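> Give me coordinates for this.
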Amino acid sequence: MSGHVLSEDTSIYRTLASPSRMQILRLLYRKPLSVEQLADKLSLQPITIRHHLQDLLESGIIEYYEERSGGAGRPRAYYRVIKTTTTTSFPKRQYQFLSEYLINSVLKVFGKTKGEAFLKNIGMKMGETAIRKLEAEHDIKNWSLKAYEDYFIRGYLEKEGAEPEVVETSGNKIVYRVHNCLFSELSTKMPNIICDVLHESFHEGISKAMNKDLKMSRITCMGHGDPYCEHVCAWSSKGKEN
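Got it, this is the predicted structure:
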């Protein structure tokens, strides 16, 4: 039994070690694509794409479905990421279970109102800590719209595996999407806590740490059933400089 688990994890590690397969995954996180579409975006031969897709399928990371575009002819196969987390560790970790138990215990001991206030404070501290860490790593003295995009969205979120996508930057506003929820299992079980309390307060902590007139709004949410989380960040006139 344990031998099967170990060989399964080894297969996943091998699969994710390929830069080309990671590029394919990043594209598939955003939307389903066909072999031809992937080949065009990555400038690779379709036969090469099929080889990488087969490895991803065998590792249980992606799946495919067929769709007919109308008329006669064979349906086209589209590939997409399976939106469940595959644990690549041995032995298996139980952090998700522990986190869920601790959150439920906080709500039970303190009650709903005080418990949510306690968790909100944790979320704010996490947001402030993330910004302070980025400031120290990149010697950021003054946050701007560009710095936020470069260091938080394209740096921090991408490094954490959130698969961010900037969809609009105009004037004093930036709109971005997150295609991989870092707390997916918990957010689908308790979106009112993970998304509406912890995640919202995390962004409050970011705004506070930046000391800017920054308004952050969540438009869509994966925990509440949307295909991705979309955020709009509107800066003051000072915040959009540089």
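> Please make it C-alpha for all contacts and neighbour counts, starting now.
OK.
> In the chain, where is pLDDT below threshold?
Applying pLDDT under 70 to the chain flags the ranges 1-11, 70-73, 84-93, 237-242.
> Domains in it, by residue range?
2-81, 116-234 (automatic domain parsing).
> Please enumerate the helices of the chain.
For the chain, the helices defined by DSSP state H cover 2-16, 19-30, 35-42, 46-58, 95-110, 112-138, 145-147, 158-160, 184-189, 191-193, 200-210.
> For those, give me JSON lines that also has mean neighbour count.
Shown next, in JSON lines, are the helices of the chain (neighbours: other Cα atoms under 10 Å):
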{"stretch": "helix 2-16", "mean neighbour count": "14"}
{"stretch": "helix 19-30", "mean neighbour count": "18"}
{"stretch": "helix 35-42", "mean neighbour count": "16"}
{"stretch": "helix 46-58", "mean neighbour count": "16"}
{"stretch": "helix 95-110", "mean neighbour count": "13"}
{"stretch": "helix 112-138", "mean neighbour count": "17"}
{"stretch": "helix 145-147", "mean neighbour count": "19"}
{"stretch": "helix 158-160", "mean neighbour count": "13"}
{"stretch": "helix 184-189", "mean neighbour count": "17"}
{"stretch": "helix 191-193", "mean neighbour count": "18"}
{"stretch": "helix 200-210", "mean neighbour count": "21"}
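> Make TSV out of those and add distance to Glu66.
As requested, the helices of the chain are exported to TSV (distance: least, Cα to Cα, whole Å):
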stretch	distance to Glu66
helix 2-16	24
helix 19-30	15
helix 35-42	12
helix 46-58	15
helix 95-110	34
helix 112-138	41
helix 145-147	41
helix 158-160	30
helix 184-189	26
helix 191-193	31
helix 200-210	37
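> what's Arg218 in contact with, if anything?
Cys229, Glu230, His231, Val232 (Cα atoms under 8 Å, 6 or more residues apart in numbering).
> from those, which ones fall inside strands?
Cys229, Glu230, His231, Val232 (DSSP state E).
> possible to save the residues you listed as CSV with distance to Glu204 and neighbour count?
CSV is the format used below for the ones in strands among the contacts of Arg218 (distance: Cα to Cα, whole Å; neighbours: other Cα atoms under 10 Å):
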residue, distance to Glu204, neighbour count
Cys229, 17, 20
Glu230, 16, 21
His231, 13, 18
Val232, 13, 17
